[in-house]
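Asker: Got a sequence here, can you model it:
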Amino acid sequence: MRGAPAHQGVIKLEPGEAIALCQAAHRRLLSSLDGLEDATARRPSLLPGWSVGHVLTHVARNADGHVRRLEGTLAGSEVARYPGGQAQREAEIEQGASRAAVELLADVRESALRLEETWERCQRASWPHRELLAADRWAISESPSRRLREVEVHHVDLGLGYQVLDWPEEYVQWELHASLERLPERLSDRGDARRFLAWLIGRAGWPEGLRLPPWL
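Answerer: Presented below is the predicted three-dimensional model:
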């Protein structure tokens, strides 16, 4: 189309950029958790069926999962983030969700620090063995951006005051493009896909009843 801007494609975050954004995201999260009390850790989060403690435990175990895979890759081995699969992930979250607030906070802080230190080692090694996917669909150089998504989204899910309007512009620009790229696979119903497309191009109102499955 004459005069139309060139298609820019999906915005890519270089590992170093994503690390810096994620370090800042970790600091914001820890700031929100300052003074966390047991009663707050027990209350429901914005995620159905999960308390604040569940979300915090998931964030910590997510960091450990990244470290597990990155450590394996640095050694030239394929090691899954959760060797026990979904069952391990769910069990670890349940086991850790009811801990005291001080334990939850320490877990989130220390696991984030371990991950940041592991990223530094990967950076120095130029992110080796990118072909080792360990059951994931992404290379280890994408670990920082994947973690950034986890922290930013789950920070909101905690329901402790951090909202979507607080998301930094750099994250929004990357996530918006990345999420739109994945949109077709989430519109599995043919009718929904057509109604959504009609809305997107300005030919219909918002398709009532449309429900997109979460990416988590």
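Asker: Any regions of the protein where pLDDT drops low?
Answerer: Confidence mapping of the chain against pLDDT under 70 gives the ranges 1-10, 215-216.
Asker: residue nearest the centroid of it?
Answerer: Closest residue to the average C-alpha location of the chain: residue 150 at 2.0 Å, with C-alpha atoms, centre = their mean.
Asker: Quick one: residues in contact with the helix or strand containing that residue.
Answerer: Element membership for residue 150 (DSSP states H and E) is helix 143-157. Applying C-beta atoms under 8 Å, 6 or more residues apart in numbering, the external contacts of helix 143-157 come out as 13, 15, 18-19, 21-22, 25-26, 28-29, 32, 45-47, 50, 55, 58-59, 62-63, 66, 69-70, 115, 119, 122, 138, 162-164, 166-167, 171, 174-175, 216. Quick note: C-beta positions are derived from backbone N, CA and C, even for glycine.
Asker: Just the buried ones from the residues you listed?
Answerer: Among the contacts of helix 143-157, those scoring as buried are 13, 15, 18-19, 21-22, 25-26, 29, 45, 47, 50, 55, 58-59, 62-63, 66, 69-70, 115, 119, 122, 162, 167, 171, 174-175 (criterion: 16 or more other C-beta atoms under 10 Å).
Asker: Sort out for me which of those are in helices.
Answerer: 15, 18-19, 21-22, 25-26, 29, 55, 58-59, 62-63, 66, 69-70, 115, 119, 122, 171, 174-175 (DSSP state H).
Asker: End to end on stretch 96-103, go ahead and measure it.
Answerer: 9 Å (C-alpha to C-alpha, to the nearest Å).
Asker: now that stretch: how far from the chain's centre is it?
Answerer: Centroid separation between stretch 96-103 and its chain, computed with C-alpha atoms, centre = their mean, to the nearest Å, is 21 Å.
Asker: and for it, what are the contacting residues?
Answerer: Residues from elsewhere that reach stretch 96-103 (C-beta under 8 Å, 6+ apart): 36-38, 40-42, 50-51, 53-54, 57, 60-61, 104, 107.
Asker: between these, which is closest to residue 199?
Answerer: Residue 199 has its nearest neighbour among those in residue 50, at 30.9 Å by C-beta to C-beta.
Asker: Tell me if I'm right that residue 88 and residue 82 touch.
Answerer: Yes: judged on C-beta atoms under 8 Å, residue 88 makes contact with residue 82 at a distance of 4.8 Å.
Asker: ok, the two, which is more surrounded?
Answerer: Between residue 88 and residue 82, counting by other C-beta atoms under 10 Å, residue 82 is the more crowded of the two (19 against 15).
Asker: okay but the more buried one is in contact with residue 65, surely?
Answerer: Yes: Residue 82 is within contact range of residue 65, at 5.6 Å (criterion: C-beta under 8 Å).
Asker: list residues touching both of the two?
Answerer: Counting by C-beta under 8 Å, 6+ apart, the shared contacts of residue 82 and residue 65 are residue 89.
Asker: how near is residue 142 to residue 136?
Answerer: From residue 142 over to residue 136 the distance is 9 Å, taken as C-beta to C-beta, to the nearest Å.
Asker: just residue 69 next, same as before
Answerer: Distance from residue 69 to residue 136, by C-beta to C-beta: 7 Å.
Asker: Identify the contacts common to those two.
Answerer: 80-81.
Asker: List the buried residues for whichever helix or strand residue 93 is part of?
Answerer: Using DSSP H and E, residue 93 maps to helix 85-97. Buried positions in helix 85-97, judged by neighbour count with 16+ other C-beta under 10 Å: 89, 92-93, 96-97.
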